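Student: Let me see the structure of the following:
(chains A and B)
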Amino acid sequence: EAQVTQNPRYLITVTGKKLTVTCSQNMNHEYMSWYRQDPGLGLRQIYYSMNVEVTDKGDVPEGYKVSRKEKRNFPLILESPSPNQTSLYFCASSFRGIGNSPLHFGNGTRLTVT
Amino acid sequence: GENVEQHPSTLSVQEGDSAVIKCTYSDSASNYFPWYKQELGKGPQLIIDIRSNVGEKKDQRIAVTLNKTAKHFSLHITETQPEDSAVYFCAARGLINTGTASKLTFGTGTRLQVTL
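Tutor: Reported below is the predicted structural model:
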């Protein structure tokens, strides 16, 4: 089944403890992206990647890192999480970038930082 | 950069009635406008999209209209059913800093409730 898989679905952590949220797609997509969803703010892009070893900042990159060493994986790294990073996170992918093919989303990771 | 405004934030309709959600965008260069449906506990799913060279597009009970001059686009759902209850997001694709890379800017979402 074609899908975007995020893990974990739920994560509770403490301020300053490094964490990684994994994202994997099995559709051979070139484009991958991370969004955060907050009430009243919609979906905001954190980072995106046009292809392997090509990443760039979105609208809200502060406090986050990403890497794209393989085409299928695009992990989101929080080196020192803070409470304002408590949010619902979505990974998404598409075959050739925005508008050229549909954007497929994972089912989300709900992160709580205390 | 692009700014997308979406209204209303909540919408309640009776089963069988129509629902309309409206979005405006700021970047006249935006050329692709998708709509996503997000059900509880799931990620957004594309339901329909429209490109700037088209004024209207239909897919069964859903349709999207685009007015490039006024820079607004709308989602129309006819004969609503309980399974249409969800959060709907509009989005617009613009260019990043006049480069070739593009990004989607999302609206803030509309929670649609279809009541029996």
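Student: Quick one: residues contacting residue 55.
Tutor: No chain in the question, so chain A it is. Residue A:55 makes contact with A:47-49, A:66-68 under the criterion CB atoms under 8 Å, 6 or more residues apart in numbering or on different chains. C-beta coordinates here come from the backbone N, C-alpha and C atoms, glycine included.
Student: let's do chain B instead
Tutor: Residue B:55 touches B:65-67, counting by CB under 8 Å, 6+ apart.
Student: List buried members of those residues by neighbour count.
Tutor: B:65-66 (16 or more other CB atoms under 10 Å in any protein chain shown).
Student: Pick the one among the contacts of residue B:55 closest to chain A.
Tutor: Looking at the contacts of residue B:55 and their distance to chain A, the nearest is residue B:66, at 13.9 Å (CB to the nearest CB).
Student: which of the contacts of residue A:55 sit farthest apart?
Tutor: A:48 and A:67 (12.7 Å; CB to CB).
Student: who's more crowded, these two?
Tutor: Between residue A:48 and residue A:67, residue A:48 has the larger neighbour count (other CB atoms under 10 Å in any protein chain shown), namely 27 against 15.
Student: Okay, the residue nearest the centre of chain B and chain A: tell me how far apart.
Tutor: Centroid check for chain B by CA atoms, centre = their mean gives residue B:90 as the closest residue, at 3.1 Å. Residue B:90 sits at a distance of 9 Å from chain A (criterion: CB to the nearest CB, to the nearest Å).
Student: Residue B:107 versus that residue, what's the distance?
Tutor: Distance, residue B:90 to residue B:107, by CB to CB, to the nearest Å: 4 Å.
Student: overlap in contacts of those two?
Tutor: B:4, B:6, B:23.
Student: Which stretches in the chain count as helices?
Tutor: Since you didn't name a chain, this refers to chain A. Applying DSSP state H to chain A gives no helices.
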